[in-house]
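**Student:** Predicted coordinates and the sequence they were generated for:
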Amino acid sequence: MALTPRTDDLFLVVDLQYDFLPGGKLAVAGGDEIIIPINRLGRRFENVAMTQDWHPRGHISFASSHAGTAPFEIMELPYGPQVLWPDHCVWDTHGAEFSTDIELPHTQLVIRKGYHEVVDSYSGFQEADRKTKTGLEGYLRERKFKRLFIAGLATDFCVNWTAVDSAHAGFETYVIEDACRAIDTSGSLAQAWTDMNAAGVKRIVAGDIA
Ligand code: VGL
Ligand code: ZN
């Protein structure tokens with residue numbers, strides 16, 4: 001597949017933050033390997049945006065907020081099942097910051113998510129209650145973007161949920177698989193590709209972008 005970047009494309013980089021990189025609180029294996037490819041991809045796109053996982057202390061997604069639980073357990077919450085995580089991306093900590101190895105100075109928008117204490121938000125579009133919007137869809141429509149190219153961390157959580165919501169919102173949505181890395185807990189990676197395929201998300205590799 002040969003895809004040529006257009007002016008109505010957005011390159012969306014998901015959660016490339018220290019806590020998801022090796023040494024971080026919720027390190028994704030090989031997360032650092034995608035930074036150079038993402039820098040290279042970013043130079044091909046006029047329009048770049050990023051999401052940033054951004055939690056208050058005591059966030060509902062943290063195992064430490066629920067006595068008797070451990071990270072990576074699944075808990076039923078009012079809005080649905082929630083994987084419990086180690087504390088991560090707490091908004092006034094180093095782990096929440098973007099890696100300084102990212103070289104995307106032309107980034108136009110950073111959309112933060114997960115800042116409400118009682119609901120998580122993997123998706124850049126809406127929180128896990130599937131009601132509370134981040135504003136990203138309105139931004140994309142106002143800017144008249146047609147295609148989204150998504151890369152970052154983690155394939156099976158924030159990339160997946162963001163891509164599915166993007167496709168459902170009517171954007172032609174591409175996930176650049178080799179510019180993502182996964183957490184893969186309890187079969188989450190296989191399930192993520194099933195969900196993304198069902199939503200019509202297109203699975204490509206960086207080399208497809210000519
Ligand atoms: C993410 C788990 C918890 C992600 C964020 O960026 O994929 N995963 N918070
Ligand atoms: Zn999070």
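**Tutor:** Arrived safely, thanks for sending. Ligands and ions are numbered 1, 2, ... in the order given.
**Student:** going forward, measure contacts and count neighbours with C-alpha atoms only.
**Tutor:** Will do.
**Student:** Strands of this protein, start to end?
**Tutor:** Remark: strands assigned in the chain by DSSP state E are 9-14, 48-53, 74-77, 80-83, 107-113, 147-153, 172-181, 202-204.
**Student:** and those as JSON lines, adding mean pLDDT and distance to ligand 1?
**Tutor:** Formatted as JSON lines, these follow (pLDDT from 0 to 100; distance: least, Cα to the nearest ligand atom, whole Å):
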{"stretch": "strand 9-14", "mean pLDDT": "99", "distance to ligand 1": "7"}
{"stretch": "strand 48-53", "mean pLDDT": "98", "distance to ligand 1": "6"}
{"stretch": "strand 74-77", "mean pLDDT": "97", "distance to ligand 1": "12"}
{"stretch": "strand 80-83", "mean pLDDT": "97", "distance to ligand 1": "8"}
{"stretch": "strand 107-113", "mean pLDDT": "98", "distance to ligand 1": "9"}
{"stretch": "strand 147-153", "mean pLDDT": "98", "distance to ligand 1": "5"}
{"stretch": "strand 172-181", "mean pLDDT": "99", "distance to ligand 1": "9"}
{"stretch": "strand 202-204", "mean pLDDT": "98", "distance to ligand 1": "17"}
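**Student:** how near is the residue in the chain sticking out farthest from the centre to Ala206?
**Tutor:** Centroid-distance maximum for the chain: Gly68 at 28.4 Å, with Cα atoms, centre = their mean. Counting by Cα to Cα, to the nearest Å, the gap from Gly68 to Ala206 is 43 Å.
**Student:** isn't Val110 right up against Gln52?
**Tutor:** Yes. With contacts counted by Cα atoms under 8 Å, Val110 reaches Gln52, the gap being 6.9 Å.
**Student:** follow-up on the earlier one: select, out of the strands of the chain, the one closest to Asp92.
**Tutor:** Closest of the strands of the chain to Asp92 is strand 48-53, at 11.9 Å (criterion: Cα to Cα).
**Student:** So in that sheet, which strands flank that closest one, and in what orientation?
**Tutor:** Take DSSP bridges as the rule and strand 48-53 pairs in its sheet with strand 9-14 (parallel), strand 107-113 (parallel).
**Student:** Please point out which parts of the last one sit buried.
**Tutor:** The neighbour-count criterion (16 or more other Cα atoms under 10 Å) identifies 107, 111-113 as the buried residues of strand 107-113.
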